[in-house]
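J.: what follows is a predicted protein model with its sequence.
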Amino acid sequence: MRSMTPVFVRLKLSLLRNGLRQSAGRRAAYAASVALVLLFAALLLLGLVALRGHAHAASVTVLLTALLALGWAVMPLFFPSGDETLDPTRLVMLPLRPRPLVRALLVASLVGAGPLFTLCLLVGSSIAVARGAAAYAVSVVAVPLGLLVCVALARAVAAANIRLLSSRKGRDLAVLSGLVIAIGAQIVNFGAQRLGSAGLGRLDPVTDVLGWVPPASVIAGVDAVSEGAYAGGAARLALSALALAGLLALWSRSLTRLMTSPDGSTLPSAERGARDRSRSAGLGRLLPHGRTGTIMERSLRYVWRDPKTKAAWVTSLAIGLIVPVFNALQGTGSIYFACFAAGMLGIQMYNQFGQDTSAFWMVALTISSPRDAYVELRGRALALLVITLPYATFVTVLTTALLGDWAALPEALGLSFALLGAMLGTGAWSSARFPYSIPQEGYKNVAPGQAGLAWISIFGGMVAAALLCLPVIALVIWLHVSPGGGDWTWLLLPLGSAYGAAVGVLGLRLAAPRTSARLPEILAAVSKG
């Protein structure tokens, strides 16, 4: 029987070639991305080679290899469509056995920019820590072993989660990929700043542990052989070899299960529907009765089920926490940074009707007067407050605890609540005056030709909300500069809360007549995506 490996390698190349034939833009994007990867890989290789002889070279290279392996493990979860061969269910109708299939897919996985980048990092790391002929000889085995472990890890994770990746939740993960990258960049930046002040020696305890975790253990093994610890080096390499064998076995078992078990989408969904109805009943009991509760439940379901809405909410929740907390941990924060959470969450009130897309016509049929429009906007605002109010409070309290400035907690909460109320009011008015469509497919959050509306809606509304908060800000400044005013800063909590509630209600009242009068225009604007 002929080997399947060359066939799968040619299949991988054919998929790549046919994908590039679809459009000139796709070819240009692919060429630019490959050039960027090659440039970064070359610079990284040179940097690692220049690290040779440094006292902490092993710590840096082992940590980089561990981070690279983490990237290989999570990338299939967030970019399942980046490689069509990641989905083994496409081969389910072919008479293929798991072992030859695993071998062929493993070799085919070595074709691409990702494996080339990984190879450059592993080669550079080996050169940085290798000293002596024995270490270089071990590197010849360690580098391909580390590369195979990374590729097998990605394949095993993808095969074990392919049902998730092909479902709606998998598409949600893909939408959230940008958020994960942004959070990871913040964490890396925070770690780099900490290392810049404390020195690379802080990495030594971490790399002592990571040196026994495959595939980082292959670099630690080369370093151990360079130090003359041949037994320790062999043990680390053997650990990576065992990890490779375990990943291949797990991958083979997942393939067997995928090839022989029925697809869950073909099974009856009555039980799932019953669970959905029970959850709906449970959620409905916690919300107000009547139309307001129905509107709140619909809005909360958008947050949970719609990928674009969920991505926007998770992004706001994460960034609203990262900015004040990370600044507090770095010692450069302020208690007023906690208002960033209220600002990020208040943005979700803008373009409320855009998330409805063309289905807004069903909402429009229920609005026949400004009173109906007010109830609609009020229900959406209350649904937003269910999440934003406790979360803004949590972020403010956490920031206060990290800074140890408990005396400033009432004024920080008062400012946050005032800003949140102002953004609810301006968001309601902006939703009625500057609605725009949110495309359901792809990564764009604004339909073509409506970018100007989005900028006016969001940034204009944020500036207006900040201006509306000027009375509270002026009161904060006056209490801090006036003699004895510091003893009365606790009044900012009730005053800020009342002011935010008043401004929010006023914004809803002003937006309701405009919403009722512009229903056809709003429907046309949100239906373009």
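T.: Arrived safely, thanks for sending.
J.: need the nearest residue in space to Leu329, chain neighbours excluded.
T.: Closest residue in space to Leu329, ignoring its immediate chain neighbours: Leu402 at 6.5 Å, by CB to CB, 6 or more residues apart in numbering. The way it works is simple: take the backbone N, C-alpha and C, and place the C-beta from them, glycine included.
J.: let me see the contact set for that neighbour.
T.: By CB atoms under 8 Å, 6 or more residues apart in numbering, the contact set of Leu402 is 325, 328-329, 333.
J.: would you mind checking the residues you listed for buried ones?
T.: The neighbour count (16 or more other CB atoms under 10 Å) marks 325, 328, 333 as buried among the contacts of Leu402.
J.: can you lay out those as TSV showing secondary structure?
T.: Below are these laid out as TSV (DSSP: H, G, I helix; E, B strand; the rest coil):
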residue	secondary structure
Val325	helix
Ala328	helix
Gly333	coil
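J.: from these, pick the one nearest Leu39.
T.: Val325 (34.2 Å; CB to CB).
J.: and the gap between the closest one and Arg514?
T.: 38 Å (CB to CB, to the nearest Å).
J.: hang on, the earlier thing: Ile367: which of the buried ones among the contacts of Leu402 is nearest?
T.: Val325 (40.8 Å).
J.: can you give me the helices for the stretch 201-350 of the chain?
T.: Applying DSSP state H, counting those that start in this stretch to the stretch 201-350 of the chain gives helices spanning 204-210, 216-226, 230-260, 270-286, 291-305, 307-329, 339-346.
J.: quick one: buried residues of the longest helix along the chain?
T.: Identified as the longest helix of the chain according to DSSP state H is helix 370-403. Using 16+ other CB under 10 Å as the test for burial, helix 370-403 gives 370, 372-385, 387-389, 391-393, 395-396, 398-400, 402-403.
J.: now swap in stretch 248-260 and tell me
T.: Using 16+ other CB under 10 Å as the test for burial, stretch 248-260 gives 248, 250-252, 254-255, 258-259.
J.: and it, how far from the chain's centre?
T.: Here the centre of stretch 248-260 is set off from its chain's centre by 29 Å, with CA atoms, centre = their mean, to the nearest Å.
J.: start the count at 13, not 1, going forward
T.: Got it, first residue is 13 now, which makes that one stretch 260-272.
J.: following whatever helix or strand Ser138 lives in, which helix or strand comes up?
T.: Secondary structure from DSSP states H and E places Ser138 in helix 125-141. Downstream of helix 125-141, the first helix or strand assigned by DSSP H and E is helix 145-172.
J.: that following helix: how far from the chain's middle?
T.: For helix 145-172, the distance to the chain centre is 28 Å (CA atoms, centre = their mean).
J.: going by contacts, tell me the helices and strands next to it.
T.: When contacts are defined as 3 or more CB pairs under 8 Å, 6 or more residues apart in numbering; DSSP states H and E, helix 145-172 packs onto helix 69-90, helix 110-120, helix 125-141, helix 228-238, helix 242-272.
J.: so which of those helices is the most packed in?
T.: Per residue and on average, the most neighbours among the helices and strands packed on helix 145-172 fall to helix 228-238, with a mean of 29 (mean count of other CB atoms under 10 Å).
J.: and for stretch 129-145, what are the contacting residues?
T.: 49, 52-54, 56-61, 63-64, 66, 69-70, 72-74, 76-77, 80, 84, 147-148, 150-151, 154-155, 158-159, 162-163, 230-231, 234-235, 237-238.
J.: same thing but at 7 Å, please
T.: 49, 53, 56-57, 60-61, 63-64, 69-70, 73, 76-77, 80, 148, 151, 154-155, 158-159, 162, 231, 234-235, 238 (CB atoms under 7 Å, 6 or more residues apart in numbering).
J.: just name the shakiest helix or strand of the protein by mean pLDDT.
T.: Using mean pLDDT, DSSP states H and E, the weakest-scoring helix or strand in the chain turns out to be helix 282-298, at a mean of 51.
J.: okay, now the domains of this structure?
T.: For the chain, automatic domain parsing gives the domain ranges 17-274, 298-538.
J.: return the most buried member of these.
T.: Most buried of the domains of the chain, by mean neighbour count (mean count of other CB under 10 Å): domain 298-538, with a mean of 19.
J.: what is the end-to-end distance of that one?
T.: By CA to CA, to the nearest Å, the extent of domain 298-538 from end to end equals 30 Å.
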